[in-house]
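K.L.:
Generate coordinates for the sequence data below:
(chains A and B)
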There are 2 protein chains.
Amino acid sequence: MNINPKVINQEISLIRQISIKSKQYKDVIDLTIGEPDLPIPCEIVDQTTLYMKNNRMGYPMLGGTPEIREEIVKFYNTKYDSSYKIDEVLVTAGASEAISTTMRTILNEGDEVLIPLPSYPGYLPNIDFNGGKSIFIDTISDKLQLTVENLKKHITPKTKALILNYPNNPSGIILSKKNLDEIMDFLRDKDIYIISDEIYSEITFDDDFISVGKYDFLKEKIILINGFSKSHSMTGWRLGYILTSKKLRDQLIKVHQYTLTSPSIVSQYGGYVALSKCSDISSYTKKYKKRCEYVYNRLNSMGIVTLKPKGTFYIFGSLNNFNIDSSLDFALDLLENKHIAIVPGIVFGVEGYFRISCTKSVEILKLAMDKIENYIEKYKS
Amino acid sequence: MNINPKVINQEISLIRQISIKSKQYKDVIDLTIGEPDLPIPCEIVDQTTLYMKNNRMGYPMLGGTPEIREEIVKFYNTKYDSSYKIDEVLVTAGASEAISTTMRTILNEGDEVLIPLPSYPGYLPNIDFNGGKSIFIDTISDKLQLTVENLKKHITPKTKALILNYPNNPSGIILSKKNLDEIMDFLRDKDIYIISDEIYSEITFDDDFISVGKYDFLKEKIILINGFSKSHSMTGWRLGYILTSKKLRDQLIKVHQYTLTSPSIVSQYGGYVALSKCSDISSYTKKYKKRCEYVYNRLNSMGIVTLKPKGTFYIFGSLNNFNIDSSLDFALDLLENKHIAIVPGIVFGVEGYFRISCTKSVEILKLAMDKIENYIEKYKS
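P.N.:
Numbering: from 1, shown residues only, chains lettered A, B, ... in the order given. Predicted coordinates:
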């Protein structure tokens, strides 16, 4: 299991490389995109356009409008058993800015940030840019579960933060209660920030996802990140938030303020509507679940092993049963031969895997699975 | 003329201090706010809401949608005699993010950034955060004109950039053609970036504002910043842009991307409408000019000397004729006694001055001037 930080580092260009190449083929099925295909639900657009016609839209309050912060707190505390207050929320320009602002605020030269693999690659440049060092924790042999034993092995005096991203991109895996409990308990007396990127929290298929926000006794150390891009298909609105202690928020808000003053007030109103009137997206979750199960079953039946996702709209397939060295070569060859675009595992820090995004209808996914099944034949020997 | 970078450094809290204090008085006239009071002009809101109802609003193209970038280039090249191409525009989350992204991209530890005073104070934290050093150039004795002689005195081997902010906040002054020509000519063979913050370019009262974009031979060194907050009253939309060489844009876009992916696609559409259908804001400029002239005449007649603004909606009054040591004390005392809120000059790096924002109707400005006239009597001795 080869881990090359430098390659991960350049992943966004790797994904783009595949994306650009895929545009050569008119009949391409693009399964690379981490963007919901379902429309913005409920009355979000209608209410926001109404707001725009009737309000001035001046500079929003620094850190987020009181209205959206109140809804965020209410939503999280009710659904995820946390105990945040309105002055412990910082509204950001997407989860991306939340990650960037977090890293810029907490990192000093040489600080180590622990990242369980496979991992969304967007953390790395923000760690690099701020003089931090990414320390990868391979979780492949534990079925993508981060265990406290594995975590302990990677702790050093320089460890500044641990990133948790569950439901996980690219695998859809969530941590078991046992593992999460043990990790949180272990971190109780450590000076280590817990950055919990819960951007896929709303897209879970059962009721077993536990937010890190529940571990109230660690609030001073927890930087919880979430947003509206995945749950409410609001990617283009660039809206997210950080939940943390007031003390840390007072520091984060300085970096946030001098970087961009605030996120768009239009987007903030949209987010307010999303939480106050459209927080139930179970019809969407059902759709993603159905698609993921379909792809999961098809891949398993053709010998491509995957762990069954518990959330997100991704499937992370293993090429273990086949004689394939490079996931990038595999992805490029599949694209050339069958005009199916997928993301190679190396983008997420592990070789021998690939990610499929189930942001297409079951009909299109069926077509793609048929083609992959036909293609993979040549590796069976 | 005492210059204290540390005080400037904390100005935003100083403005806030006055703003919070001013809320104690129900009849306060708040002349501190750098935010247009006029509504968003023309069909921007209508067209944008229509767009929202009929489009998906997914992730925008990295660096800005082609539509808005095309309009920006067309607008700037036509109006300001520049020669930018579509791949030389980076669309940002307001001019604030443009400043932040610029400083993060170009600055190394110890780099010096030249700032003519008086200056908008938002540059400083972004210079500090990135290890840069702000070097102030006092322009008071040159009637707020930056001359090449004065500039030369401040150049060292560590000089990395010169910030130009004309029309100037807080004074409304623009550089004369002679001074600008000489400065640009002097910088021709220097390795110094020219950061030109032209956010008030559309609010000018005559036809004599020259954009730095005109100095085509310096394109590799010019980082031109502008946006929609002041011209189109779109402060809450957080939309701005950088015009520069393609080579430098390729570097800026990395920082931009990992910080926030992109500005809101809704805002980008609004900006597209602003430039393609609503670029003529002369009726607004006329209003600001009328207000500024009124305040200018009133202040001068009561012995408060000001340079006549050539643009913006600010007036920068001098307390030279009065026995007043601290502009902050003056501002606080005026607020307490007359319930008029202004910004003390120290916020902009110079003592003995104050800024009035003409973002109120002439009727309200008249009331404020009457009160200031009455108040200032006690200092006449």
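
K.L.:
Can you find the residue of the stretch 251-381 of chain A that comes nearest to chain B?
P.N.:
At 3.5 Å from chain B, A:Ile265 is the closest residue in the stretch 251-381 of chain A, using CB to the nearest CB. Heads up, the C-betas are built off the backbone N, CA and C, glycines and all.

K.L.:
Ignore what I typed, I meant the stretch 51-200 of chain A.
P.N.:
For the stretch 51-200 of chain A, CB to the nearest CB, closest residue to chain B: A:Met57, 3.9 Å.

K.L.:
How about that residue: what's its closest non-neighbour residue?
P.N.:
B:Gly236 (3.9 Å; CB to CB, 6 or more residues apart in numbering or on different chains).

K.L.:
per-residue confidence at that neighbour?
P.N.:
For B:Gly236, the pLDDT comes out at 97.

K.L.:
now swap in the one 5 residues further on and tell me
P.N.:
B:Tyr241 carries a pLDDT value of 98.

K.L.:
Surely it is in a strand?
P.N.:
Yes - counting by DSSP: H, G, I helix; E, B strand; the rest coil, B:Tyr241 is found in a strand.

K.L.:
So what's the residue count around it?
P.N.:
Residues within reach of B:Tyr241, counting by other CB atoms under 10 Å in any protein chain shown, total 27.

K.L.:
Give me the nearest residue to it, chain neighbours excluded.
P.N.:
Among residues not flanking B:Tyr241 along the chain, B:Val91 sits closest, at 5.1 Å (CB to CB, 6+ apart).

K.L.:
what's the helix or strand for the one you found?
P.N.:
In this assignment (DSSP states H and E), B:Val91 forms part of strand B:89-92.

K.L.:
helix or strand right after that strand?
P.N.:
helix B:94-106.

K.L.:
What helices and strands are in contact with the helix or strand encompassing A:Leu162?
P.N.:
Assigned by DSSP H and E, A:Leu162 belongs to strand A:159-164. Under the contact criterion of 3 or more CB pairs under 8 Å, 6 or more residues apart in numbering or on different chains; DSSP states H and E, strand A:159-164 touches strand A:112-117, strand A:193-197.

K.L.:
tilt between the shortest one and strand A:159-164?
P.N.:
Read that as strand A:193-197. 20 degrees (axes from the mean of the first three to the mean of the last three CA atoms, to 10 degrees).

K.L.:
partner strands of strand A:193-197, parallel or antiparallel?
P.N.:
strand A:159-164 (parallel), strand A:222-227 (parallel) (DSSP bridges).

K.L.:
Could you pull out the buried residues of the next helix or strand after the first one?
P.N.:
Downstream of strand A:159-164, the first helix or strand assigned by DSSP H and E is helix A:177-187. Neighbour counts using 16 or more other CB atoms under 10 Å in any protein chain shown place A:179-180, A:182-184, A:187 of helix A:177-187 among the buried residues.

K.L.:
Widest-spaced pair of the residues you listed?
P.N.:
A:Asn179 and A:Leu187 (12.5 Å; CB to CB).

K.L.:
Return the distance of the spatially closest residue to A:Asp185 that is not a sequence neighbour relative to B:Glu71.
P.N.:
In space, and not counting its chain neighbours, A:Asp185 is closest to A:Val148: 7.9 Å by CB to CB, 6+ apart. Counting by CB to CB, to the nearest Å, the separation of A:Val148 from B:Glu71 is 55 Å.

K.L.:
Neighbour count: these two, which is higher?
P.N.:
For A:Val148 versus B:Glu71, neighbours defined as other CB under 10 Å are more numerous around B:Glu71 (21 against 16).

K.L.:
For that one, pull up the helix or strand it's in.
P.N.:
Going by DSSP H and E, B:Glu71 is part of helix B:66-80.

K.L.:
Neighbours of A:Thr78, how many?
P.N.:
Applying other CB under 10 Å, I find that A:Thr78 has 10 neighbouring residues.

K.L.:
doesn't the residue nearest to A:Met57 fall inside a helix?
P.N.:
Yes - when three-state DSSP is applied, B:Gly236 is found to be in a helix.

K.L.:
so A:Met234 touches A:Pro41, yeah?
P.N.:
No - using CB atoms under 8 Å as the test, A:Met234 is too far from A:Pro41 to be in contact (9.5 Å).

K.L.:
Of the two, which one has the most company?
P.N.:
The neighbour count for A:Met234 versus A:Pro41, taken as other CB under 10 Å, is higher for A:Met234 (28 against 20).

K.L.:
OK, contacts around the closest residue to that one other than its chain neighbours?
P.N.:
Of all residues not flanking A:Met234 in the chain, A:Phe228 sits nearest, at 4.3 Å (CB to CB, 6+ apart). Counting by CB atoms under 8 Å, 6 or more residues apart in numbering or on different chains, A:Phe228 makes contact with A:234, A:237, A:239-240, A:270-271, A:274.

K.L.:
okay if I get those residues as TSV plus distance to B:Val113?
P.N.:
Converted to TSV, these look like this (distance: CB to CB, whole Å):
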residue	distance to B:Val113
A:Met234	37
A:Trp237	34
A:Leu239	32
A:Gly240	31
A:Gly270	37
A:Gly271	36
A:Ala274	41
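
K.L.:
Alongside chain B, which residues does the stretch 201-350 of chain A contribute?
P.N.:
Residues of the stretch 201-350 of chain A that fall close to chain B, judged by CB under 8 Å from any CB of the partner chain: A:234-238, A:254-255, A:257-267.

K.L.:
10 Å - rerun?
P.N.:
Residues of the stretch 201-350 of chain A lying near chain B by CB under 10 Å from any CB of the partner chain: A:229, A:233-240, A:254-255, A:257-270.

K.L.:
Helices - which of the residues you listed land there?
P.N.:
Judged by DSSP state H, the subset of those located in helices is A:254-255, A:257-260, A:265-270.

K.L.:
Would you mind checking these for buried ones?
P.N.:
Applying 16+ other CB under 10 Å to those, the neighbour count classes A:255, A:257-260, A:265-270 as buried.

K.L.:
Select the longest helix from chain A.
P.N.:
For chain A, the helix reaching the highest residue count under DSSP H is reported as helix A:282-301.

K.L.:
Given the helix or strand following that one, what are its sheet partners and their directions?
P.N.:
Per DSSP H and E, the first helix or strand lying C-terminal to helix A:282-301 is strand A:305-306. Paired with strand A:305-306 in the same sheet, following DSSP bridges, are strand A:314-318 (antiparallel).

K.L.:
tell me the angle the strand it pairs with makes with helix A:282-301.
P.N.:
Using the same axes, to 10 degrees: strand A:314-318 against helix A:282-301 is 10 degrees.

K.L.:
Distance from the chain centre to strand A:314-318, please.
P.N.:
15 Å (CA atoms, centre = their mean, to the nearest Å).

K.L.:
ok, now stretch A:321-338?
P.N.:
Relative to the mean C-alpha coordinate of its chain, stretch A:321-338 is positioned 25 Å out (CA atoms, centre = their mean).

K.L.:
what does stretch A:286-298 give?
P.N.:
Distance of stretch A:286-298 from its chain centroid, counting by CA atoms, centre = their mean, is 19 Å.

K.L.:
cool, stretch A:39-50 as well?
P.N.:
Centroid separation for stretch A:39-50 versus its chain: 24 Å, with CA atoms, centre = their mean.

K.L.:
Stretch A:331-345 now?
P.N.:
For stretch A:331-345 - counting by CA atoms, centre = their mean - the centre lies 22 Å from the chain centre.

K.L.:
Understood, closing this out.
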